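S.K.: Generate a structure from the sequence data that follows.
(2 chains)
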Amino acid sequence: MAAPAAGPVPPVPVLRIVAECGRSRARAGELRLPHGSVPCPVFMPVGTRGTAKGLTAAQLAALGCRICLGNTFHLGTRPVSGTGGLRGALGLTLSRPCPELPNPGGDRSCRGFPAGFRRSPRRYRGVTGGSRSVPGLGGPQIWGGAMTQRDVPGFAIGGLSGGEAKAQFWRTVKLSTEQLPRDKPRYLMGVGYATDLVVCVALGCDMFDCVFPTRTARFGSALVPWGSLQLKNQQFAKDFRPIDADCGCPTCQRYSRAYLHALLRSNTAALHLLTLHNIAYQMKLMGSIRDSIVQQRFPEFVREFMDTMYGGRGGPPAWAREALESVGITLA
Amino acid sequence: MRLKLLGAGGGRLGSLAGLGRGGAGALALPGCLLYTRTGAAPHLSHDTLREVRGVPGVAHIALPALAEIHDVLEEYKEGAAKFMGMPDAVIYCSLHDPVTPCPSGYNTNKTVSLWGSSGRMEVTASKFMDIQRAIQPDWFQCICDGDTISGEAGRKRAKKSVDRSLSFLDICLQLQEKSPELQGSVMFGAIEGGDVLEERLRSARETAKRPVGGFLLDGFQGSAMAKETKLKLIASVTAELPEDKPRIIHGVGKPDEVLECIERGVDIFESFFPFQVTERGCALVFSYNCHPDPEATVLTQNGIQDLEKNGVREDQEEVSKADPEMTPFEISLKDKKYHDDFGPVLEGCSCYCCQRHTRAYVHHLLVTNELLAGVLLMMHNLQHYFGFFGAVRDALRDSKLEQLKELVFRQALQRH
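M.R.: Prediction:
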């Protein structure tokens, strides 16, 4: 695998929009990357060196994962390897942090942000740069402002995965996508909960990464359309059903909840089986989101999704309702 | 189950056929079982295991993990293999896990203690058979008293191990006759007797009189028994056993010891050894290619050179960090010297890990405690180990066992 080329960013448009939702700001498209194209909206599992923790590159590819988030720092120490699809991840160039860091309240990039953001250093890991800490920078920021005029292939929206109140979270995402050009991909960093993904697609984001699905798998938690199953719990000891009967992943095809519950005690293979399933879940979710946008029924999809997830629990959270409302999607 | 021997010298070359429910399973001999923990190879999911070449046709699972979910299996009713997502597999259920230590002093005339993740379970012959009825294994080790390995067992204790095990065997055979679920299951009788020759012979002869499907050489685990004693006893025991039934040994894994046992009439081994190597962050690199092909010779030399390098310490501090359990057949990839070694784990190895990744990468995964380290190392170590058994069978077929022995024993003498 060649190291990412140094020098000026190529001007070829990365994003090709294939469909847009008539009501919300959701779009479906394709990211054209040096090693192939990736459909979007897309979720990128986080993994060092093209692997998501215990999974091999081959397993990820088999799940339909065409891109994942790596850290180029590590890439520098390793030569040729990997399957064609995953090399795309390394060819992706995103916006670099602006050398003149926007100061809170001063620069025009911060204008219009709701008041009262926490000021805390945010660690940001971009595909091109390795880890960077940004001390003194107030709360959620777009690495844009001055950037929107620049000829970069896309934008990363960061600083929003630190557990801030959801009410502020969605407003900031919406503000960000409003400010960013339509024809370039918007990558919302660190967002991965299913509900958050659906809402943020509605708000106009195209790319996501998050450790959540893979990390929660390693704690024995399996993601399902109606929430999650904590498979270490005794209630699953004699549950002979698969995690999700409608999931076609290798884990659900072969193993029951009861077996996974037993395997979790003695063999890390259980963690890998759950990681496989959780990534399959994320891929399936994004695929369904994209299909529904292409088929012009995204609002309907959102309503069904919320119903499945929150139907038995008194309805979707208020913040999600408001966020969707703000882009023209009303929940029942 | 049918055992066919091809009559080669130096070892019992042959095969077992007609295994499993459908009768389609087979195992080449001499061979090893696939070590599993609760039905899955350690660290490996079904598809990653599929990438490993030479996986043997019989999977080994230890009883304690299944005993702990006895109630679940009873409710499930369809047997452990299907429960574990391997309905077509051939399963051998051993009494203990080779990797879990069995504290001494807990067996009685009527019970044996098993050690699982939730602690000690005391089991009678009758309870043992209840559990086996829920498991429905293809092969299983009969409950026995093998608590003679601590090195403190004297004559009396050795005699007791034989008496108890025979008594358990007779009870279990009777119970098996009355159990429809176990009609297709093959019971292996355990040969006990500690390090006392008379007791070993008695155990072998008496066990051979019973209608068991195969024999298990038990009580040879650990390092308390002197090597010559161990080898002499193994040879004496197998001499008493019928030719047409397979002989399994527990607790023997290192390649030199495997060869010694094969020469003395043992057919089947476990594969816990590559798992232990994996757990200490090591990779098997010993050579077993004794064919005089010039290209292969180079690869052989490379492997041996790596082992020789184990003995060369540039940095004295490294000596103390080496795992004391490490054998001369492996390299420790945690060692700093691999951090910029961009060659494969073993030159010439065709496994998934060696085809795609480097020593430096595996080193990095180990140092950062990444789960993938276990996955890649397990794939390599299993494939290498299965390859070794393939080489043993080839050597027997081509009458080259002596060369193979010489090659392996030479490497066994490397210091680290």
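S.K.: Tell me how many other residues surround residue B:209.
M.R.: 9 (other CB atoms under 10 Å in any protein chain shown). In short, each C-beta sits where N, CA and C put it, glycine included.
S.K.: just residue A:30 next, same as before
M.R.: The burial count for residue A:30: 16, using other CB under 10 Å.
S.K.: Pull the number of nearby residues for the closest residue to residue B:47 other than its chain neighbours.
M.R.: Take residue B:47 and drop its neighbours on the chain: the residue closest to it by CB to CB, 6 or more residues apart in numbering or on different chains is residue A:250, 5.9 Å away. By the criterion of other CB under 10 Å, residue A:250 has 18 neighbours.
S.K.: show me the contacts for residue A:250.
M.R.: A:62, A:273, A:276, B:45, B:46, B:47 (CB atoms under 8 Å, 6 or more residues apart in numbering or on different chains).
S.K.: what about the third one, which SS state?
M.R.: Assigned by DSSP: H, G, I helix; E, B strand; the rest coil, the conformation of residue A:276 is helix.
S.K.: What is the neighbour count of the nearest residue to it once chain neighbours are set aside?
M.R.: Spatial nearest neighbour of residue A:276, excluding adjacent residues (CB to CB, 6+ apart): residue A:251 at 5.1 Å. Per other CB under 10 Å, the neighbour tally for residue A:251 reads 26.
S.K.: what about residue A:251, helix or strand, and which?
M.R.: Using DSSP states H and E, residue A:251 sits within helix A:250-254.
S.K.: any idea how far that helix is from the chain center?
M.R.: Distance, stretch centre to chain centre, for helix A:250-254: 24 Å (CA atoms, centre = their mean, to the nearest Å).
S.K.: Output that helix as CSV, nothing but the C-alphas.
M.R.: Output in CSV follows, covering the C-alpha atoms of helix A:250-254 (Å, rounded to 0.1, in the frame of the first residue of the first chain):
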residue,chain,number,x,y,z
PRO,A,250,-22.3,-14.9,9.8
THR,A,251,-22.9,-14.7,13.6
CYS,A,252,-26.7,-14.7,13.3
GLN,A,253,-26.6,-17.4,10.6
ARG,A,254,-24.8,-19.9,12.9
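S.K.: what sits against residue B:405?
M.R.: Counting by CB under 8 Å, 6+ apart, residue B:405 makes contact with residue B:259.
S.K.: Quick check, pLDDT for it.
M.R.: Here the pLDDT value assigned to residue B:405 is 96.
S.K.: next one: residue A:168
M.R.: For residue A:168, pLDDT reads 90.
S.K.: From chain B, how far off is it?
M.R.: For residue A:168, the distance to chain B equals 34 Å [CB to the nearest CB, to the nearest Å].
S.K.: again with residue A:201
M.R.: From residue A:201 over to chain B the distance is 30 Å, taken as CB to the nearest CB.
S.K.: How about residue A:287?
M.R.: 21 Å.
S.K.: how about the one helix or strand that residue maps to: buried residues?
M.R.: Using DSSP H and E, residue A:287 sits in helix A:269-294. Neighbour counts using 16 or more other CB atoms under 10 Å in any protein chain shown place A:269-286, A:289-290, A:292-294 of helix A:269-294 among the buried residues.
S.K.: Now the residue in the stretch 51-200 of chain A positioned nearest to chain B: phi and psi?
M.R.: Nearest to chain B in the stretch 51-200 of chain A, going by CB to the nearest CB, is residue A:54, at a distance of 3.8 Å. Per-residue torsions, residue A:54: phi -80, psi 0 (degrees, to the nearest 10).
S.K.: Return the distance of the closest residue to residue B:101 other than its chain neighbours relative to residue B:95.
M.R.: Using CB to CB, 6+ apart and skipping residues adjacent in sequence, the residue nearest residue B:101 is residue B:115, 7.5 Å away. Separation of residue B:115 from residue B:95 (CB to CB, to the nearest Å): 10 Å.
S.K.: quick one, which of the two is more surrounded?
M.R.: Between residue B:115 and residue B:95, residue B:95 has the larger neighbour count (other CB under 10 Å), namely 25 against 17.
S.K.: Brilliant, that's me finished.
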